[in-house]
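Engineer: just the structure for this:
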Amino acid sequence: MGYIIGVDGGGTGCRAAVADNAGNVLARAEGGAANIATNFELARTNILRTISLAFVNAGIPKPDLETATAVLGLAGANLGDYSNRLHASLPFSKTHIVSDAETTLVGAIGEADGIIGAIGTGSVYGRREHGIFTQLGGWGFLLGDDGSGARLGRDMLHLAIKAFDGLVEHSPLTREIIEEYQGSPMNIVEQAQTFAPKDFGQFAPRVVAAANAGDANAEVILAQHTDVVRKSLDAVGFAPSKAFCMLGGLGNVYLERLPERYRQAAHKPQGNALDGAISLALTLSQNK
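Structural biologist: From the prediction side, this is the model:
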């Protein structure tokens, strides 16, 4: 039997689904971080481990992977040579590696033309027009990912240090952060050197909650990123007449802060990125 495999991998975690050759999902599984540009070897290990766990959950501990078809929607797939390296190491009969933005879009809006913004640990935007997919963003934490949880957390730590140095006024959240690091920015700097994007992203819920509670510094950060999110949606082709979804852990946070025309145009996604990966894999398996 030629199994269908879908994978959704990002900076925080990896999800995999196994389906039969008609696309009926047999089981799912979750695993560790799978951004192939951030840590290729760890991502590869987590992807394969999560796929194996999905088969175990389906009661198939020893599947014939050489007859399987897989589509992997991965953060970092648009960067460097990582996709080619991963593709060469996978055992499947047919493999297609795409950005997680593409699988997210397919899962969210099905076969329609439209756009998505997906904002979690990282951020990326996608458009499909006349069947052609185009991506905006997704350049990674170092030089991209505006609006992402990782960037919110990083900017909050930076602002806490600036407040400590007297360059901006303290707010309750910046004072709280400094106190958590024993009153020393040096401790923040030392620990941050070991942080991956998901570690910075752990601060994002606090930034959002503080901004909603009126914290001035948190509001400055969230407002700045909201403006970039709006500009990114416009750049990728937002129009009220097109299918439009905001996704990811921070998608609705930004949607609530965007002008009314975006809120009115937005609709709930049909499915998620894993559903999109399975859909693309089913199509790939049927192509001769």
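Engineer: buried set for the longest helix seen in the chain?
Structural biologist: Longest helix in the chain, counting residues (DSSP state H): helix 216-236. Neighbour-count burial for helix 216-236 flags 217-219, 221-222, 225-226, 229-230, 232-233, 236 (criterion: 16 or more other C-beta atoms under 10 Å). Using the backbone N, CA and C atoms, a C-beta is placed for each residue, glycine as well.
Engineer: and it, C-alpha only, in CSV?
Structural biologist: Extracted in CSV, the C-alpha atoms of helix 216-236 (Å, rounded to 0.1, in the frame of the first residue of the first chain):
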residue,chain,number,x,y,z
ALA,A,216,3.3,51.4,27.5
ASN,A,217,6.5,49.5,26.4
ALA,A,218,4.6,46.4,25.4
GLU,A,219,2.1,48.5,23.4
VAL,A,220,5.0,50.2,21.5
ILE,A,221,6.4,46.8,20.5
LEU,A,222,3.1,45.3,19.5
ALA,A,223,2.0,48.4,17.6
GLN,A,224,5.2,48.5,15.6
HIS,A,225,4.8,44.9,14.6
THR,A,226,1.2,45.3,13.8
ASP,A,227,2.1,48.0,11.3
VAL,A,228,4.5,45.6,9.6
VAL,A,229,1.9,42.9,9.5
ARG,A,230,-0.5,45.2,7.8
LYS,A,231,2.0,46.3,5.2
SER,A,232,3.0,42.7,4.6
LEU,A,233,-0.6,41.7,3.9
ASP,A,234,-1.0,44.6,1.5
ALA,A,235,2.3,43.6,-0.2
VAL,A,236,1.3,40.0,-0.7
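Engineer: what is that helix packed up against?
Structural biologist: Secondary-structure packing of helix 216-236 (3 or more C-beta pairs under 8 Å, 6 or more residues apart in numbering; DSSP states H and E): strand 114-119, strand 123-129, strand 132-137, helix 149-164, helix 172-180, helix 204-212, helix 251-257.
Engineer: want to throw these into CSV with distance to residue 240 and mean pLDDT?
Structural biologist: What follows is the helices and strands packed on helix 216-236, written out as CSV (distance: least, C-beta to C-beta, whole Å; pLDDT from 0 to 100):
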stretch, distance to residue 240, mean pLDDT
strand 114-119, 11, 95
strand 123-129, 15, 94
strand 132-137, 19, 93
helix 149-164, 28, 97
helix 172-180, 35, 96
helix 204-212, 26, 98
helix 251-257, 14, 97
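Engineer: please identify the most buried of those.
Structural biologist: Sort those by mean neighbour count, taking mean count of other C-beta atoms under 10 Å, and strand 114-119 sits at the top with a mean of 28.
Engineer: now do that strand: distance to the chain's middle.
Structural biologist: Taking C-alpha atoms, centre = their mean, to the nearest Å, one finds strand 114-119 lying 11 Å from the centre of the chain it belongs to.
Engineer: need the residues that contact that strand.
Structural biologist: Here strand 114-119 makes contact (C-beta atoms under 8 Å, 6 or more residues apart in numbering) with 100-101, 104-105, 108-109, 123-128, 147-149, 229, 232-233, 236-238, 242-251, 254, 273.
Engineer: rerun that using 7 Å as the cut-off
Structural biologist: 101, 104-105, 108-109, 124-128, 147-148, 229, 232-233, 236-238, 242-248, 250-251, 254 (C-beta atoms under 7 Å, 6 or more residues apart in numbering).
Engineer: hang on, the earlier thing: following element in sequence after the longest helix of the chain, please.
Structural biologist: Moving toward the C-terminus from helix 216-236, the first helix or strand encountered (DSSP states H and E) is strand 243-247.
Engineer: average pLDDT across that following strand?
Structural biologist: Average pLDDT, strand 243-247: 96.
Engineer: and it, which strands flank it?
Structural biologist: For strand 243-247, sheet partners with direction are given as strand 114-119 (parallel), following DSSP bridges.
Engineer: in a markdown table: the helices and strands packed on helix 216-236, plus distance to residue 278.
Structural biologist: A markdown table is the format used below for the helices and strands packed on helix 216-236 (distance: least, C-beta to C-beta, whole Å):
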| stretch | distance to residue 278 |
| --- | --- |
| strand 114-119 | 17 |
| strand 123-129 | 17 |
| strand 132-137 | 17 |
| helix 149-164 | 26 |
| helix 172-180 | 41 |
| helix 204-212 | 29 |
| helix 251-257 | 21 |
